[in-house]
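Colleague: Got a predicted model here, sequence first, then my questions.
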Amino acid sequence: MGYRVGIDVGGTFTDLICVTPDGQVVLDKTPTTLDDQSIGVMDGLGQLAGRFGVGLEELCEQLDILVHGTTTADNSMIEMNGAPVGLLVTEGHRDEIEMRRVHKEQIWDPSYPPPPPIARRRARIPVPQRHAYDGEELLPLDEDAVRVGVRRLAKLGCSSIAVMYLFSFVNPEHELRTREIIREEFPGAEHISLSHEVMARGPEFERVSTTLVNAYVAPRIARYVTNLSEKLRRAGYRGQLLIMQSTGGVMPPEYVARRAVSLLGSGPTGGVMGATVAARAADAPDFVAVDMGGTSFDLCLVRDCRPQIKTDWNWRYRYYIGMPMVDVQSVGAGGGSIARVRQGALLVGPESAGSNPGPVCYGRGGERPTVTDADAVLGYLPVEGFAAGRMTLDVDAARSAIARDVGEPLRLDVTAAAWGIERIVNANMANATRKVLAGYGADPRQLAMIAYGGNGPVHAWAIAAELGIGRVIVPKTAPAFSALGVLVADYVVDVMRSYVVPLSQVDLERLRALMRDVDEEVTKELEPAGLAPAAIHADLYVQMAYAGQNFDMSVPVPEGTELGEAGLLDLAERFHDLHEADRGFAFRNQQPLVRGVRLTARGYTPKPDHLGEAGTVTDPSRAVLGSRAAFFGDGFVDTPVFDGGALGVGAEIAGPALVQEPFTVVVVPPGSTCRLAPHLGYELTVT
């Protein structure tokens, strides 16, 4: 067995986790190169190679697998710099994307602007054609109109084309023919997104929105993945590059190229998947996962070690994404979040200093104070030996920036100003967590917290205290936990076929044929992975809804293709029960509609035996590095500093204390305790 590497590209750092042939878990970080993320990835692999005493080529030749979570799709949507997109759409539905199902983020502000258009109105071409809900052709495809429209889009400079025809998810013939015409008329088109391939179900707004986003981000994703793959090949890597998806699974580039939209939020999703592995080891099935990095704060509620997955009403960057996504919510609160005073109020984030220039204390040219600068001024971070000894923090520069931009406008001394930054960012994160938990009816006092990311261990105690959470788990690999998450993720394929009909009118043979069809497609998609049949688990569902509902539910079908007439009646009861449990009501006297068939398959991948490396010292007094003054709200306290790398399982520390790991610090406030548990996570008991 060779090396296995997981990589997560964040807004500030690119994190790497490597499981060596002998089972050792090694983490590393390198600054993210935003202009070309592949440079940072290759730099990180070079750093890992240096730690193992080998060259980059030698390491790549010994790699068994490389799994990657990327923010390329998210960056395209944040910066709105994706490909120029044109849309071919059923005549009469040209402005479906503008209507947005009457959804408006600020309902009390009539002047609130719409989102920036992915496809301008002049680049949305209506095409005469029509299918009925059952797939019957009502109006043939006007091929001449398609040809004229494609030529117009080429002249407008569109390089990526989306196609959305009504009920193409039932009968895709018109969309498939349109793709052929596009290739004839516009061979230089970078990408073509067909709505029935991106989102194989209705309704039309959800489908056109998802298809447009896919067409918008796909060319950049394809260029990035191709560029990275070529660099890896030149370096000697001969294995398969796997990409993390927002569903919590991984798939090869060929799969995600068709559904690039599935990469939105893939990095934070990786962290959640890693947190579920840590939670099982810590016997903490119900928890909230919080990831504080350099740019954002991501959180997700997990129950019974299963992340909450949203299948409906997923909005990302003001566009609807019609596919299942792990429900990770983000706010602009990270170590690089900039603090400023506006109209007498102290604001922190969402603007970030990023990795370049970064916080003032990094000494890279940053001039505006950040959360990391406040952490340094308050004594939480080491001046010498920061970032595994690669950096020395300039605390005096951080003090000057905080005093100038926060202290003077608010007439506060530098300590009070830094503490104000700390309190504001902690309150922002606690409020965001509280809002998500309230949406699911979850009581934070009944949950554990798993904190990770480079800044998560520094701020976890304060967030937990705000929420009333008593148990906080900080994994040893917390600074690169999203990278670990993508490494332990499984292959996941989610396939749908539509069939819209009242339950009483279901053609059983057609339903079974659709079930066989999705099974064949899943088998084809997983075939390159070379997984043994025993390593694949598949769940079959029938999509059902009440008449008039826009969103359907996945109802399990354990009978599979053996489903019979009696099974259909039982299917109705399962749907009613599921609807009542999930949405609080059921109309048991109503006949539900069948909307289609869905198959989700998971191909299990190897997991590391442990989630970090522990030392041998169980008496904390033997691991003391010294002390420094740290501020916890009531004056500076002389606080002992412990070497986290030396601490062994069972070591217990009473606060106040600072436990230094290579890329983070676990802050233990006064009155709290910290113990290194057998699952190789620090467990904080927060009062």
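Modeller: Noted; the coordinates are in hand.
Colleague: contacting residues for M515?
Modeller: 540, 557, 560-561, 563, 597, 599 (C-beta atoms under 8 Å, 6 or more residues apart in numbering). Every C-beta, even on glycine, is put in place using the N, C-alpha and C of the backbone.
Colleague: again with L242
Modeller: 65-68, 250-252, 491.
Colleague: would a markdown table of those with distance to C300, pLDDT and neighbour count be doable?
Modeller: Listed next are these as a markdown table, based on distance: C-beta to C-beta, whole Å; pLDDT from 0 to 100; neighbours: other C-beta atoms under 10 Å:
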| residue | distance to C300 | pLDDT | neighbour count |
| --- | --- | --- | --- |
| I65 | 25 | 86 | 19 |
| L66 | 25 | 88 | 23 |
| V67 | 19 | 88 | 25 |
| H68 | 20 | 87 | 29 |
| V250 | 18 | 80 | 31 |
| M251 | 21 | 81 | 25 |
| P252 | 25 | 82 | 16 |
| Y491 | 21 | 84 | 23 |
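Colleague: ok, so of those, who is nearest R340?
Modeller: H68 (34.7 Å; C-beta to C-beta).
Colleague: neighbours around the residue nearest to the closest one when sequence neighbours are not counted, how many?
Modeller: With sequence-adjacent residues excluded and distances taken as C-beta to C-beta, 6 or more residues apart in numbering, H68 is closest to I7, at 4.9 Å. For I7, the neighbour count with other C-beta atoms under 10 Å is 31.
Colleague: Beta-bridge partners for I7, please?
Modeller: Going by DSSP bridges, I7 is paired in beta bridges with L16, H68.
Colleague: So it is in contact with T71, correct?
Modeller: No. At 11.5 Å, I7 does not count as touching T71 under the criterion of C-beta atoms under 8 Å.
Colleague: before we move on, back to that, rebuild the contacts of M515 as JSON lines, extending it with pLDDT and neighbour count.
Modeller: Formatted as JSON lines, the contacts of M515 follow (pLDDT from 0 to 100; neighbours: other C-beta atoms under 10 Å):
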{"residue": "L540", "pLDDT": "93", "neighbour count": "21"}
{"residue": "V557", "pLDDT": "92", "neighbour count": "22"}
{"residue": "G560", "pLDDT": "85", "neighbour count": "14"}
{"residue": "T561", "pLDDT": "84", "neighbour count": "13"}
{"residue": "L563", "pLDDT": "86", "neighbour count": "20"}
{"residue": "V597", "pLDDT": "92", "neighbour count": "26"}
{"residue": "L599", "pLDDT": "90", "neighbour count": "23"}
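Colleague: care to break the chain down by domain?
Modeller: By the assignment in automatic domain parsing, the chain contains the domains 3-76+223-248, 80-214, 494-603, 620-685.
Colleague: out of those domains, which comes closest to F297?
Modeller: Closest among those, using C-beta to C-beta: domain 3-76+223-248, at 11.6 Å.
Colleague: Compute the first-to-last residue distance for that closest one.
Modeller: 22 Å (C-alpha to C-alpha, to the nearest Å).
Colleague: Now find how far off-centre it is within its chain.
Modeller: 17 Å (C-alpha atoms, centre = their mean, to the nearest Å).
Colleague: Ok, stretch 166-174 next?
Modeller: 31 Å.
Colleague: partner strands of the longest strand along the chain, parallel or antiparallel?
Modeller: Criterion DSSP state E: the longest strand present in the chain is strand 490-502. Strand 490-502 pairs in its sheet with strand 249-251 (parallel), strand 593-603 (antiparallel), by DSSP bridges.
Colleague: got the end-to-end distance for stretch 114-126?
Modeller: End-to-end for stretch 114-126, by C-alpha to C-alpha: 22 Å.
Colleague: Quickly name whichever of the contacts of M515 is closest to E367.
Modeller: Nearest member of those to E367, counting by C-beta to C-beta, is L599, at 53.8 Å.
Colleague: about what we covered before: next, give me the two most distant ones among the contacts of M515.
Modeller: Maximum distance among the contacts of M515 (C-beta to C-beta): 13.4 Å, for L563 and L599.
Colleague: so what's Y452 up against?
Modeller: 271, 274-275, 289-291, 474-475, 477-479, 481-482.
Colleague: give me that answer again for 6 Å
Modeller: 291, 478, 481 (C-beta atoms under 6 Å, 6 or more residues apart in numbering).
Colleague: Kindly report the same for E521.
Modeller: Counting by C-beta under 6 Å, 6+ apart, E521 has contacts V495.
Colleague: Distance of it relative to P528?
Modeller: Per C-beta to C-beta, to the nearest Å, E521 is found 14 Å from P528.
Colleague: Can you verify my assumption that G615 contacts V649?
Modeller: No. G615 lies out of contact with V649 (C-beta atoms under 6 Å); the separation is 9.0 Å.
Colleague: Quick check: G530 vs I65, distance?
Modeller: Distance from G530 to I65, by C-beta to C-beta: 11 Å.
Colleague: okay, which residue is most central for this structure?
Modeller: With distances taken as C-alpha atoms, centre = their mean, G265 lies nearest the centre of the chain, 2.8 Å away.
Colleague: Leaving out chain neighbours, which residue sits closest to that residue?
Modeller: Per C-beta to C-beta, 6+ apart, closest to G265 is S246, 4.7 Å.
Colleague: Within its local environment, how many residues does L412 see?
Modeller: Neighbours around L412, by other C-beta under 10 Å: 17.
Colleague: List phi and psi for it.
Modeller: phi -120, psi 150 (degrees, to the nearest 10).
Colleague: Confirm for me that G596 is in contact with Q543.
Modeller: Yes. Using C-beta under 6 Å, G596 is in contact with Q543, at 4.4 Å.
Colleague: okay, and the helix or strand of this protein with the least pLDDT?
Modeller: helix 386-389 (a mean of 72; mean pLDDT, DSSP states H and E).
Colleague: Tell me if I'm right that S330 and T295 touch.
Modeller: No. Using C-beta under 6 Å, S330 is not in contact with T295, being 9.2 Å away.
Colleague: neighbour count winner among the two?
Modeller: T295 (27 against 18).
Colleague: now the more buried one, nearest residue through space, not along the chain?
Modeller: G11 is the one closest to T295 (C-beta to C-beta, 6+ apart), at 3.1 Å.
Colleague: how about that neighbour, secondary structure?
Modeller: Under DSSP: H, G, I helix; E, B strand; the rest coil, G11 falls in the coil class.
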